[in-house]
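Participant: output the structure for:
(one chain, ligands or ions: 1)
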Amino acid sequence: MTKITHFNPEDKFHAFLKTCGDTEYTTGPLNGENIAIKDNISTKGIETTCGSRILTGYIPPYDAHVITLLKKAGAAIVGKTNMDEFGMGTTTENSAFGPTLNPSNPDHVPGGSSGGSAAAVAAGIVPFALGSDTGGSIRCPASFCGITGLKPSYGRVSRYGLIAYANSLEQIGPMAKDVKSVSRLMEIITEYDPRDPTMINKPYHCRCDGELNGISVGVPEEFFGKGVDPSVASVVWNAIKWFEGEGAEIITCRMPSVEYALAAYYVTCTCEASSNLARFDGVRYGPGASLKLSWHDSFSERRTEGFGTEVKRRIMLGTFALSSGYYGKYYAKAQIARENVKNDCMRIFKDVDLIIGPTMPVVAFKLGEISDPLQMYLTDILTVPANLAGLPAISIPCGKVDGLPVGLQIIGKPFEDERVVETAYCYEQGG
Ligand code: GLN
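Facilitator: As a prediction, this is how the structure comes out:
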């Protein structure tokens, strides 16, 4: 059975780059429920730009695997959401099409890079959205907008049809107002896809029955270190105390590699991005260029016009780090640091089931408040470890500071996404 839904929301917060108006859907478990999709996930017949001018006019001829699964489950795909260009950012201000505003307070950023998806859910426009998370892009906007967002374990969800930013780090994941909705989406989007060779075949099923089952929780001191706003820290500690009150064992621990995690992340992601983005020549899509120029000059003109400042910065950083003679100095070292983060996490997981802390060191800042790129990168400090180590991690709301939401981050062992979700569900019900 096929039905039509009419979707023309009042989009006060600029969550959407495009809405679909009439949408077809089939009968299935989601039965016509509306879902918004981040604009870097390929949707057949619907323009997909990654928030970049260089891809304007690109209409994918095929669906990403997750989109095929959602359609099969009866979801109504109602629009594409705003994002930092190619996922590069923490605020959604780096979109070529203007920023999204935070529904909690429109003077503030919604977080990024999946800020449009988070705002669409937070504003109540859609019950579900998909985002992608390379270094925090699902969890950061979930935290800033006061919703729930899960970055699945690396390999749990097919990346087929996700326009790549940094392949070794990123995953598509669900965003919604509550944990059960996130879990419902996980049941759908985790179906195996041999077209993503990094995917493992492990069907997802979480009971969401509210049983904490005597878990033990590690709290790394570094997650409450320099740069973490004391009022955010205190809200998160209250949540941790709730777990203690419910019989969870709380163990403070050390994760010294956090000091190098950001450097490892930013070298790795810029190297991968410089290679992934090399194919965008602006010939078929994008702003176009003067035909009078030589190939070299027109390629350069189109990319200069088509990419925003942050994307250019990262392409240059990545190209430099991979250039002849520098590989050992930057990329190889970043991989050693990445290994240290993984080893630290696995050592902690010998004693505990989960790692808990804040998602972001601060609440949503004001639009335009941070202009220094390095200062912006520093705000990713607590989200990148899970990407470097490939671990499942969720952000759920745990309180407010100055009227702005604070996110609690729960990180699990590899492929224990269900335990992460179950624990988040318990907190949501009782915390
Ligand atoms: N803020 C991080 C970055 O700019 C994370 C982005 C993401 O997860 N896509 O790289």
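Participant: ranges for the helices of the stretch 51-200 of the chain?
Facilitator: 65-72, 115-122, 139-145, 179-189 (DSSP state H, counting those that start in this stretch).
Participant: angle of the longest one against helix 65-72?
Facilitator: This points to helix 179-189. Per axes from the mean of the first three to the mean of the last three C-alpha atoms, to 10 degrees, the angle that helix 179-189 makes with helix 65-72 is 100 degrees.
Participant: ok, then the element right after helix 179-189?
Facilitator: Downstream of helix 179-189, the next assigned helix or strand under DSSP states H and E is strand 216-220.
Participant: packing partners of that next one?
Facilitator: Under the contact criterion of 3 or more C-beta pairs under 8 Å, 6 or more residues apart in numbering; DSSP states H and E, strand 216-220 touches helix 230-245, strand 249-253, strand 354-358. All C-beta atoms are positioned from the backbone trio N, CA, C, and that covers glycine.
Participant: and the helices of the stretch 51-200 of the chain: which comes nearest residue 397?
Facilitator: helix 139-145 (7.9 Å; C-beta to C-beta).
Participant: rounded mean pLDDT for the closest one, please.
Facilitator: The pLDDT scores in helix 139-145 average 99.
Participant: before we move on, the earlier item: could you dump the helices of the stretch 51-200 of the chain to TSV with mean neighbour count?
Facilitator: As requested, the helices of the stretch 51-200 of the chain are arranged in TSV below (neighbours: other C-beta atoms under 10 Å):
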stretch	mean neighbour count
helix 65-72	22
helix 115-122	35
helix 139-145	35
helix 179-189	22
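Participant: for the ligand, find the nearest of those.
Facilitator: helix 139-145 (6.6 Å; C-beta to the nearest ligand atom).
Participant: right, and residue 330 touches residue 267 too?
Facilitator: Yes: using C-beta atoms under 8 Å, residue 330 makes contact with residue 267 at a distance of 5.2 Å.
Participant: which of the two has more neighbours?
Facilitator: residue 267 (23 against 20; other C-beta atoms under 10 Å).
Participant: from the ligand, how far out is that one?
Facilitator: As judged by C-beta to the nearest ligand atom, to the nearest Å, residue 267 and the ligand stand 12 Å apart.
Participant: tell me which element that residue falls in.
Facilitator: Per DSSP H and E: residue 267 is located in helix 258-276.
Participant: ok now that helix, how far from the chain's centre?
Facilitator: Counting by C-alpha atoms, centre = their mean, to the nearest Å, helix 258-276 is centred 16 Å from the centre of its parent chain.
Participant: packing partners of that helix?
Facilitator: helix 309-321, helix 331-348, helix 373-378, helix 384-389.
Participant: let's see it as CSV, backbone CA atoms only.
Facilitator: Output of helix 258-276 as CSV, limited to C-alpha atoms (Å, rounded to 0.1, in the frame of the first residue of the first chain):
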residue,chain,number,x,y,z
VAL,A,258,42.6,12.0,26.0
GLU,A,259,45.4,14.6,25.9
TYR,A,260,46.3,13.3,22.4
ALA,A,261,42.9,12.3,21.1
LEU,A,262,42.0,15.7,19.5
ALA,A,263,45.3,15.8,17.6
ALA,A,264,44.9,12.2,16.5
TYR,A,265,41.4,12.9,15.4
TYR,A,266,42.1,16.2,13.5
VAL,A,267,45.1,14.7,11.6
THR,A,268,43.2,11.5,10.7
CYS,A,269,40.0,13.2,9.6
THR,A,270,41.8,15.9,7.5
CYS,A,271,44.0,13.3,5.8
GLU,A,272,40.9,11.2,4.9
ALA,A,273,38.9,14.3,3.9
SER,A,274,41.7,15.6,1.6
SER,A,275,41.5,12.3,-0.3
ASN,A,276,37.7,11.9,-0.2
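Participant: okay, the angle between it and strand 216-220?
Facilitator: Using the same axes, to 10 degrees: helix 258-276 against strand 216-220 is 90 degrees.
Participant: give me the buried positions along helix 258-276.
Facilitator: Across helix 258-276, burial judged by 16 or more other C-beta atoms under 10 Å covers 258, 260-262, 264-276.
Participant: shared neighbours of residue 330 and residue 267, which are they?
Facilitator: residue 321 (C-beta atoms under 8 Å, 6 or more residues apart in numbering).
Participant: in this protein, where is pLDDT below threshold?
Facilitator: By pLDDT under 70, the weakly predicted segments of the chain are 1, 289-291.
Participant: distance of the residue lying farthest from the centre of it from the ligand?
Facilitator: Within the chain, the residue lying farthest from the chain centre (C-alpha atoms, centre = their mean) is residue 292, at 40.9 Å. According to C-beta to the nearest ligand atom, residue 292 and the ligand sit 36 Å apart.
Participant: what residues sit buried inside stretch 31-51?
Facilitator: In terms of neighbour count (16+ other C-beta under 10 Å), stretch 31-51 has its buried residues at 32-44, 46-51.
Participant: go on, stretch 51-61?
Facilitator: Buried residues in stretch 51-61 (16+ other C-beta under 10 Å): 51-56, 58, 60.
Participant: identify the farthest-apart pair in those residues.
Facilitator: Pairwise over those, using C-beta to C-beta, the maximum falls at 53 and 60, 17.2 Å.
Participant: next secondary structure element downstream of the helix holding residue 267?
Facilitator: helix 295-306.
Participant: where's residue 83 relative to residue 267, distance?
Facilitator: According to C-beta to C-beta, to the nearest Å, residue 83 and residue 267 sit 23 Å apart.
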